[in-house]
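Enquirer: Predicted model, plus sequence, below.
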Amino acid sequence: MAQYETEEQQVEALKSWWKENGTAVIIGALLGVGALGGWRGWDWYQEKQAMNASDIFASVQEFMIAGDVASFQEQAETLRTEYASTPYAVLATLHEAKVQAEGGDLNAAAESLRWAIRHSARPSIRDVARIRLARVLVADRKLDDAQAAINEEFSEGYRSLVHEIQGDILILQGEPEQAKQAYDLALESARASGVEFLQMKRDDLGS
């Protein structure tokens, strides 16, 4: 920076610099404030969306407990259409898929699970939805689609379930020997919970 002999020279130099650059500084500051305000506004909007979705999801759970399927499905649809970016929409849709599957509407259950897979931002929730989708497709005898559902990459904790479903598919395809291998792989990676039932399925096929 240039050295100035007097305070007056420094002031004059600052005036000259401001004349040349002041407008750009003001615009930059305004843009910075505007961006900060916009960011905070977006945060506020997201928080409000999450709070509203949380309230609706609480209603979904209440309707489920009460057995009011129509109201439950109406609220789940509201979450999907108005709050699709929140995890509550995905959770409500997973609940709805369960109700649909238990009611025998496997096509609707599969579509609900596909929606949950597309919209979930959490890998663990996507894994749960894909496992459930594969089970629904096996129950509906759509074996190629079920196979495609488990061909995706899963987290380590889901390997046992993937192998188990693979065994179920092979049984329905008339491949008991390959099914045994799949169940054996499932048993190797299974955790303590659910092992007994899986062992029964494997034992039914003999040695």
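Expert: Here it is on my side, so go on.

Enquirer: so what's the backbone phi/psi at the residue nearest the centre of the chain?
Expert: Centroid check for the chain by CA atoms, centre = their mean gives Ser120 as the closest residue, at 1.8 Å. Backbone torsions of Ser120, given as degrees, to the nearest 10, read phi -80, psi 130.

Enquirer: Can you read off the pLDDT for it?
Expert: pLDDT for Ser120: 91.

Enquirer: I'd say it and Ala129 touch.
Expert: Yes. The pair Ser120 / Ala129 is scored as a contact, 6.5 Å apart, by CB atoms under 8 Å. The C-beta positions use only the backbone N, C-alpha and C, and glycine is treated the same way.

Enquirer: OK, contacts around the closest residue to Arg159 other than its chain neighbours?
Expert: Leaving aside its chain neighbours, Arg159 sits nearest to Ser189 (4.5 Å; criterion: CB to CB, 6 or more residues apart in numbering). By CB atoms under 8 Å, 6 or more residues apart in numbering, the contact list for Ser189 reads 159-160, 163.

Enquirer: how is the chain carved up into domains?
Expert: With domains defined by automatic domain parsing, the chain comprises 48-154, 156-207.

Enquirer: from those domains, which stretch is densest packed?
Expert: Highest mean neighbour count of these: domain 48-154, a mean of 18 (counted as mean count of other CB atoms under 10 Å).

Enquirer: coming back round to it: distance of the residue nearest to the centre of the chain from Leu172?
Expert: Going from Ser120 to Leu172 by CB to CB, to the nearest Å gives 28 Å.

Enquirer: these two touch, right, His172 and Asp140?
Expert: Quick fix: residue 172 reads Leu, not His. No. Contact criterion CB under 8 Å: Leu172 and Asp140 do not qualify, at 11.0 Å.

Enquirer: weakest of the domains of the chain in terms of mean pLDDT?
Expert: domain 156-207 (a mean of 83).

Enquirer: Apart from its neighbours in sequence, what residue is nearest Ala134?
Expert: Once flanking residues are discounted, Ala134 sits nearest to Ala149: 4.0 Å by CB to CB, 6+ apart.

Enquirer: From the chain's centroid, how far away is the strand or helix carrying the one you found?
Expert: If you go by DSSP states H and E, Ala149 is part of helix 143-150. Remark: helix 143-150 is offset 20 Å from the chain centroid, using CA atoms, centre = their mean, to the nearest Å.

Enquirer: What helices and strands are in contact with that helix?
Expert: helix 123-139, helix 159-172 (3 or more CB pairs under 8 Å, 6 or more residues apart in numbering; DSSP states H and E).

Enquirer: Now distance to Leu79 too, for the ones you listed, in CSV please.
Expert: Formatted as CSV, those follow (distance: least, CB to CB, whole Å):
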stretch, distance to Leu79
helix 123-139, 14
helix 159-172, 27
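
Enquirer: Out of those, which is closest to Glu77?
Expert: Closest to Glu77 of the helices and strands packed on helix 143-150, according to CB to CB: helix 123-139, at 17.6 Å.

Enquirer: Roughly how far does Asp203 sit from Leu161?
Expert: 19 Å.
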